[in-house]
Structures are given as C-alpha cells and as structure tokens.
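Novice: Give me a 3D structure for the following:
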Amino acid sequence: MPYEWHPPQDRTQRLRLWPHRSLSSRGFVWFIGLTALLIGVPLLAVIGSPVLWGLLPFVAAAVWAIWVALRKNGRDRAIVEVLSFSETEVTLVRHGPHGRRQEWRANPHWLRLTLHETGGPVPNYLTLGGAERDVELGRFLSEPERIALYRDLRARLAALQ
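Specialist: Down below sits the predicted model:
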C-alpha cells in the first residue's frame, strides 16, 4: 500500500500517503533510451533515402511525447499527503508538485470521514470534513486502496475518541 502509519509521538498519530512510484529516474533514462532505439531500428532500412526525412519528425515527436508524459508522471510522484491527528487537532498537509504546500486543520470532535461510493471524481472518493470545508484524501490511490484506507482510518479515529 502506498501509505504508512508512523509510530505515535506525543499521542499524535501520523499517516503518510504517496502515489505509486513504478519508474525511478534511472528507469526513466533506460526506458527513453530503449524506446528511441527500438523506434529507430526500422529507420535503418531507409537511411540515405528521402523517406527518412519524412519519417524522422514523426519518430522524434513520438519520443518527445513519451518523454513529456513520463516527466509529468515524475512530477506527480512528488505528491505527499501527511495526516496527523490527536485528541485536540487534525491536520492534513499536502505537498504537491512544484513545491506547492496546502494545509487543512480541524477539530477532531467535528471531523467527518466519508467514503463517497458514487458522485466523486473517482469511485469511492474519500473526504475529510470539518472546519466548514471538505478535503480529499488519497485521490491518487486505487479504488481498493481507498476502501482499505477508509476502514483503517475509521478504526483509528474511533479509538481516538
């Protein structure tokens, strides 16, 4: 699961969530290199002919599109959510791409943990409500992971009260 519970400190529980990270920086270099090589192999047959110049822009565009998509995925991997809760306060801090930081605080006695089975941007959308506002939690998780997180978090919040 792409989330973990840290050991409690000063009666504060902390949950850290992050998106799946299936491709490392080194893997990115290998993938782009192998993709460019494999796409370029058929071009060997047309070296020295005008057809090469007709195909080359499309090959370059394909490699560039893959590069851009994987770089965007790499930026999304920088997302980290940290949920901290104690008997007096609940805090959710989201560290987003490009160093963007968002923070939300609420009183744990008024906290609402909701799993929206339908109607959200993703199935089984998980939200925390309180402080006159609802915030999403773990949108980047898969559907079964959000359900498991909901059950786990609900049990820990119930034990808190």
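Novice: Centroid-nearest residue for this structure?
Specialist: Of all residues in the chain, the one closest to the mean position by Cα atoms, centre = their mean is P19, 3.0 Å from it.
Novice: State the distance from that residue to N124.
Specialist: 16 Å (Cβ to Cβ, to the nearest Å). All C-beta atoms are positioned from the backbone trio N, CA, C, and that covers glycine.
Novice: Backbone dihedrals for W110, both of them.
Specialist: phi -110, psi 10 (degrees, to the nearest 10).
Novice: ditto for E81
Specialist: Dihedral angles (degrees, to the nearest 10) for E81: phi -120, psi 130.
Novice: Tell me the buried residues in the top helix by length along the chain?
Specialist: Taking DSSP state H as the criterion, the chain has its longest helix at helix 50-76. For helix 50-76, the neighbour count (16 or more other Cβ atoms under 10 Å) marks V63 as buried.
Novice: Please enumerate the helices of the protein.
Specialist: Under DSSP H, the chain gives helices at 25-40, 50-76, 143-160.
Novice: got the CA coordinates for the first one in PDB?
Specialist: The one in question is helix 25-40. The C-alpha trace of helix 25-40 is given here as PDB (Å, rounded to 0.1, in the frame of the first residue of the first chain):
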ATOM      1  CA  SER A  25      15.000   8.200 -12.500                       C
ATOM      2  CA  ARG A  26      17.400   5.600 -13.700                       C
ATOM      3  CA  GLY A  27      14.500   3.600 -15.100                       C
ATOM      4  CA  PHE A  28      13.300   6.700 -17.000                       C
ATOM      5  CA  VAL A  29      16.700   7.100 -18.700                       C
ATOM      6  CA  TRP A  30      16.700   3.400 -19.700                       C
ATOM      7  CA  PHE A  31      13.100   3.400 -20.900                       C
ATOM      8  CA  ILE A  32      13.600   6.600 -23.100                       C
ATOM      9  CA  GLY A  33      16.900   5.200 -24.500                       C
ATOM     10  CA  LEU A  34      15.400   1.800 -25.400                       C
ATOM     11  CA  THR A  35      12.300   3.300 -26.800                       C
ATOM     12  CA  ALA A  36      14.300   5.700 -29.100                       C
ATOM     13  CA  LEU A  37      16.500   2.800 -30.100                       C
ATOM     14  CA  LEU A  38      13.600   0.400 -30.900                       C
ATOM     15  CA  ILE A  39      11.600   3.100 -32.800                       C
ATOM     16  CA  GLY A  40      14.800   4.000 -34.700                       C
END
